[in-house]
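1. Next input, structure requested:
(2 chains)
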Amino acid sequence: AQRVTQPEKLLSVFKGAPVELKCNYSYSGSPELFWYVQYSRQRLQLLLRHISRESIKGFTADLNKGETSFHLKKPFAQEEDSAMYYCALSILTGGGNKLTFGTGTQLKVEL
Amino acid sequence: DAGVTQSPTHLIKTRGQQVTLRCSPKSGHDTVSWYQQALGQGPQFIFQYYEEEERQRGNFPDRFSGHQFPNYSSELNVNALLLGDSALYLCASSLYGYEQYFGPGTRLTVT
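-> I've put the predicted structure just below:
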């Protein structure tokens, strides 16, 4: 069965400092990886998907199949980045594409 | 397009009762997934509906059942409520197996 691990419940950084939110997964096949974000009082929304290989709001994430990791990075944290971040894994098959989420990391950007 | 909508916003029920939660998908979407998010946890997959059939199911007991209507909207039913069913219930819609868009959730409290 697939599993997603986010080792940090809370990550606190200063504005302008680099950010790295860790995500490791376990799955023997080729999953699709995502980062979802939830800002205060807002719904869960997609931030990044690994197949897009794009940068959103300055965030990037690279899938490392050797280390089974999909860490989220941003070189310079902004106050508006404070939010809950969830890493998720999906396997698209003919039988559906459920998302398996990690427990989330609360990012707090301090001034 | 209002995106994914869910009703009600909040609900308080007593142990042993039954509850029905509703979800309207984003316009153009045909697949609805339901997730349970307990406090401090990531969302956990309950089941997914496509073409009015349950396509995939997570590790939830049969007390949890669902339905999808011809207009793609969906209901989640929970029978014989337990205190442990208290959680935020999220609905997500997608077009077949692609990006899932989440609703704001229904907060269920079981007393």
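2. Chain A against chain B: which residues are in contact?
-> With the criterion set to C-beta under 8 Å from any C-beta of the partner chain, chain A comes near chain B through A:4, A:6, A:36, A:43-46, A:49, A:86, A:88, A:92, A:95-104. Bear in mind the C-beta positions are built from the backbone N, C-alpha and C, glycine included.
3. taking these one by one, which sit in strands?
-> Using DSSP state E, A:4, A:36, A:45-46, A:49, A:86, A:88, A:99-101 are the members of those that sit in strands.
4. Quick check: of those residues, which lies closest to B:Val32?
-> A:Leu99 (13.1 Å; C-beta to C-beta).
5. Chain neighbours aside, what residue packs nearest to the closest one?
-> A:Ala88 (4.6 Å; C-beta to C-beta, 6 or more residues apart in numbering or on different chains).
6. Repeat that for B:Ile46.
-> Nearest to B:Ile46 is B:Trp34, by C-beta to C-beta, 6+ apart, at 4.2 Å.
7. now that neighbour: how far from B:Gln68?
-> 10 Å (C-beta to C-beta, to the nearest Å).
8. Of the two, which one has the most company?
-> B:Trp34 (26 against 22; other C-beta atoms under 10 Å in any protein chain shown).
9. that older thread, ok, the residue nearest to A:Leu99 - contacts?
-> A:Ala88 sits next to A:4, A:33-36, A:99-102, B:42 when contact means C-beta atoms under 8 Å, 6 or more residues apart in numbering or on different chains.
10. Could you give me the buried positions within the helix or strand of chain B with the lowest mean pLDDT?
-> One helix or strand of chain B scores below all others by mean pLDDT, DSSP states H and E: strand B:53-57, with a mean of 91. Buried residues in strand B:53-57, counted by 16 or more other C-beta atoms under 10 Å in any protein chain shown: B:55-57.
11. elements contacting it?
-> strand B:44-50 (3 or more C-beta pairs under 8 Å, 6 or more residues apart in numbering or on different chains; DSSP states H and E).
12. how about the helices in chain A?
-> With DSSP state H, there are no helices along chain A.
13. Show me the shaky parts of it.
-> Low-confidence segments of chain A, defined by pLDDT under 70: A:93-95.
14. mind checking the SS state of the residue nearest to the spatial centre of chain B?
-> Nearest residue to the geometric centre of chain B (C-alpha atoms, centre = their mean): B:Trp34, 3.5 Å. Using DSSP: H, G, I helix; E, B strand; the rest coil, the structure places B:Trp34 in strand.
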